[in-house]
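>>> What would the 3D arrangement of this be:
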Amino acid sequence: MKQFRSNVIRAGLGVLYFTGAHYLLRPIFAGVGTIFMLHHVRPRRDAAFQPNRHLEVAPEFLRAMLAHLRSHDVDIVTMDELHRRLTERNFSRRFACFTFDDGYRDNRDFALPVMREFGAPFTVHVASDFAEGIGHLWWIALEMLIARTSSIEADIAGVATRLDTSTPAAKEAAFQRLHDWLRGLPGGGDMQREISVLCARYGFDETTISRDLCMSWDELKAFANDPLISVGAHTVTHSNLARQPKEIASQEMTTSRARIENAVQRPVLHLAYPYGDRIAAGAREFALAQAAGFKTAVTTRPGMIFPESAGHLTALPRVSLNGNYQDKRILPVLTSGAATAMWNGFRRINAA
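Residues are numbered from 1 along each chain as shown. Predicted coordinates:
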């Protein structure tokens with residue numbers, strides 16, 4: 001199903017590009033700016049099985065987007081500056097912000113050098129348990145586990161189910177089934193319990209993943225000293241906030257901010273919701289982020305920034321730089337707002 005959706009999106013981007021429709025839609029749907037969403041930036045991997053490929057882009061694709069923006073005289077600004085322009089209604093120039101979720105070490109090793117080439121600031125939203133080295137990146141654990149097995153057994157909805165993982169195609173199918181099942185569990189504790197059971201069953205140590213991939217507190221402190229860097233919050237455990245009681249969801253936001261501020265000795269004023277889609281962040285979470293004092297909070301809902309976004313500062317949309325679509329030809333499509341307009345049924349604001 002997800003592969004089908006990916007193919008449809010790729011085809012849609014191609015149609016917009018080859019027909020030139022994005023040029024016609026740009027004046028209406030490009031808005032005043034864009035917040036780009038990234039996770040990993042690192043060289044492409046050759047493995048046939050990469051179910052999390054959409055979460056990583058190559059440095060050269062990031063460089064191409066930055067060059068595209070510069071060639072169109074777009075200001076690349078901080079989230080603080082985005083907030084200022086929205087609240088002061090200063091839309092004399094188009095702008096773009098770059099945000100990176102989770103706090104991966106490759107943001108420092110591969111993204112930062114590219115951003116420095118363009119003098120481009122960016123925000124890294126950190127899940128504090130990841131920096132602590134105790135977080136659970138379950139989607140990566142699931143990929144690693146399936147990659148090393150030829151079949152896998154899981155108790156899905158209480159039923160022992162054996163899934164074929166002997167070929168890349170079978171591995172993809174198994175990953176999507178297990179991924180959807182885990183995301184559908186009622187709470188973060190349920191998800192973590194089930195992935196821990198799976199990993200223990202196959203002798204896989206998932207506890208090393210956050211230490212292997214994410215920056216530690218010491219690394220983040222040094223990283224944050226770079227003038228291009230600002231650090232935002234991404235909760236403590238990277239849980240689905242909408243499935244947490246109100247008090248826990250609020251604590252996830254405020255505790256992560258306090259821990260990050262203590263580590264980097266800088267104010268943390270911007271938040272990214274984990275997962276960030278409709279089933280993970282809605283009106284309650286938007287209100288909680290505002291009550292917690294965050295200046296902005298970003299979702300994963302696709303969309304451009306419009307003047308009306310000033311009324312929804314804790315429900316801001318982003319445009320994903322997606323590893324499945326690293327074709328330089330689509331850059332003008334992504335910045336035109338045409339693709340997100342079609343996705344949103346041609347609504348400018350999607351914050352309900």
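>>> So Leu198 sits against Leu145, correct?
Yes - under the criterion of CB atoms under 8 Å, Leu198 makes contact with Leu145 at 6.3 Å. For glycine as for every other residue, the C-beta is placed from the backbone atoms N, C-alpha and C.
>>> shared neighbours of those two, which are they?
Ile152 (CB atoms under 8 Å, 6 or more residues apart in numbering).
>>> okay, and the helix or strand of this structure with the least pLDDT?
The weakest-scoring helix or strand in the chain, judged by mean pLDDT, DSSP states H and E, is helix 2-19 (a mean of 59).
>>> packing partners for the helix or strand just after that one?
Remark: after helix 2-19, the chain's next helix or strand is helix 21-29, criterion DSSP states H and E. Counting contacts by 3 or more CB pairs under 8 Å, 6 or more residues apart in numbering; DSSP states H and E, helix 21-29 packs against helix 331-336, helix 338-343.
>>> Mind telling me which of those helices the model trusts least?
In terms of mean pLDDT, the lowest-scoring of the helices and strands packed on helix 21-29 is helix 338-343 (a mean of 84).
>>> who does it touch, helix- and strand-wise?
Against helix 338-343 (3+ CB pairs under 8 Å, 6+ apart) you get helix 2-19, helix 21-29, strand 296-302.
>>> Can you tell me what sits against the shortest one?
This points to strand 296-302. 35, 37, 79, 82-83, 99, 125, 269-273, 275-278, 281, 285-286, 289-290, 313-320, 339-340, 343-344, 350-351.
>>> Please pick the buried ones from those residues.
Neighbour counting with 16 or more other CB atoms under 10 Å marks 35, 37, 79, 82-83, 99, 125, 269-273, 275-277, 281, 285-286, 289-290, 313-320, 339-340, 343-344, 350-351 as buried within the contacts of strand 296-302.
>>> which residues sit in contact with the closest residue to Leu25 other than its chain neighbours?
Nearest in space to Leu25, with sequence neighbours left out and distances taken as CB to CB, 6 or more residues apart in numbering, is Ala338 at 4.0 Å. The neighbours of Ala338, taking CB under 8 Å, 6+ apart as the test, are Leu16, Ala21, His22, Leu25, Arg26, Phe29.
>>> same thing with Glu285?
Leu241, Ala242, Ala249, Tyr273, Ala297.
>>> Which members of those occur in helices, if any?
Among those, the ones falling in helices (DSSP state H) are Ala249.
>>> that's a helix at His179, yeah?
Yes - His179 forms part of a helix when assessed by DSSP: H, G, I helix; E, B strand; the rest coil.
>>> And it, how far from Leu137?
His179 sits at a distance of 13 Å from Leu137 (criterion: CB to CB, to the nearest Å).
>>> pretty sure Ala64 contacts Lys328?
Yes - contact criterion CB under 8 Å: Ala64 and Lys328 qualify, at 4.8 Å.
>>> secondary structure class for Leu185?
Per three-state DSSP, Leu185 ends up coil.
>>> Which one's more surrounded, Ala64 and Lys328?
Ala64 (18 against 13; other CB atoms under 10 Å).
>>> and the more buried one, what does it touch?
Lys328, Leu331.
>>> Low-confidence stretches in this structure?
1-15, 17-18, 21, 23, 188 (pLDDT under 70).
>>> Strands along that one, start to end?
33-38, 40-41, 56-57, 75-76, 95-102, 122-126, 151-156, 159-164, 229-233, 270-272, 296-302, 316-320 (DSSP state E).
>>> how about the helices and strands packed on helix 21-29 in JSON lines, adding distance to Ala169?
Formatted as JSON lines, the helices and strands packed on helix 21-29 follow (distance: least, CB to CB, whole Å):
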{"stretch": "helix 331-336", "distance to Ala169": "29"}
{"stretch": "helix 338-343", "distance to Ala169": "27"}
